[in-house]
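Visitor: Show me the folded form of this:
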Amino acid sequence: MDYAIDSYFWNNNNFNEILYDNRRIFAKLYVFIKFIGVIFYTISLQTCYKPHFFIGMIAAMFISTINSARYEYAHFKRYGTIFSSVNEFNEWKEKLYPKSRILFSMIEIIIKIIFFINTFPPVCEFNNLCEIGESIFKIHILVLLMIYIIAFVFSICFLYSHHRQTISSPIPILVVNSQNEECSICMDTDNTSEWLMLPCCHKFHRQCISTWLHTNHTCPICRLHMIHKFIT
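Guide: Numbers count the residues shown, from 1 in each chain. Okay, the predicted model is just below:
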């Protein structure tokens, strides 16, 4: 999963250009914590009797962590890069195989769930290094499951709210005469051009917002979902 949201800032000279300036701090912190976890489990769980399952789990965690680190390093190298368009940026991201992170994470989660089911109910003991590692691993799975459940519930609520907002927003987009107003996309106050007002009441040059909505289906200011076919 891509937990960090990419941020874009428009170049004043050409609104098709974007500056990638997302530091992805939380994503990097997540990878660092996973590395610490892999090291800890490697040290503690290898002392357990019949550690074959733990070896497989640690291997899955290690591969997933390495893949995430690769992805974050690629973003780190492109920090401060100006892309000529949103399409160019998206094409670059696709070359990083972002879905591979989901695949490895799913494999890791499945292994953890299998362990959780086989050891249910979870009993935590701290008499030796093996039990310490295994107990912390059980707590780790419980916390992870709660986070995923909460994230799933919030995602459902967000999608439902977003769907209602999209349906309830008026469809027609009005042509307006804008006096001494600046288009937030091209930063120009050209009043000879045709202006459009979106359902959220934000105004832009018709050509600017039409080009924007070819690749983005939200208002550039408030991010309200738009239906592009109504202004082409």
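Visitor: all helices of the chain, in order?
Guide: Secondary structure of the chain (DSSP state H): helices at 25-45, 52-77, 86-94, 99-118, 129-168, 206-215.
Visitor: Show me the one of the ones you listed that comes nearest Trp195.
Guide: With C-beta to C-beta, the closest approach to Trp195 among those belongs to helix 206-215: 6.5 Å. The C-beta positions use only the backbone N, C-alpha and C, and glycine is treated the same way.
Visitor: picking up where we left off before, looking at the helices of the chain, which is closest to Leu19?
Guide: Per C-beta to C-beta, nearest to Leu19 of the helices of the chain: helix 86-94, 10.1 Å.
Visitor: which other helices and strands contact the closest one?
Guide: For helix 86-94, the packing partners by 3 or more C-beta pairs under 8 Å, 6 or more residues apart in numbering; DSSP states H and E come out as strand 18-20.
Visitor: so for the strand it packs on, what's the average pLDDT?
Guide: Averaging pLDDT along strand 18-20 gives 80.
Visitor: chain center to it, what's the gap?
Guide: Remark: strand 18-20 is offset 17 Å from the chain centroid, using C-alpha atoms, centre = their mean, to the nearest Å.
Visitor: going forward, begin numbering at 43 instead of 1
Guide: With 43 as the first residue, the last one maps to strand 60-62.
Visitor: returning to that earlier point: please dump the helices of the chain into CSV; it should also carry mean neighbour count for every row.
Guide: CSV is the format used below for these (neighbours: other C-beta atoms under 10 Å):
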stretch, mean neighbour count
helix 67-87, 15
helix 94-119, 16
helix 128-136, 14
helix 141-160, 14
helix 171-210, 13
helix 248-257, 18
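Visitor: so which of those gets nearest Cys264?
Guide: Cys264 lies closest, by C-beta to C-beta, to one member of the helices of the chain: helix 171-210, at 10.5 Å.
Visitor: burial count for Ile227?
Guide: As a burial measure, Ile227 scores 18 neighbours (other C-beta atoms under 10 Å).
Visitor: And for it, nearest residue in space, chain neighbours not counted?
Guide: Residue nearest to Ile227 in three dimensions, not counting chain neighbours: Cys250, with 4.1 Å by C-beta to C-beta, 6 or more residues apart in numbering.
Visitor: And the pLDDT at the one you found?
Guide: 83.
Visitor: how close does it sit to Val128?
Guide: Counting by C-beta to C-beta, to the nearest Å, the gap from Cys250 to Val128 is 14 Å.
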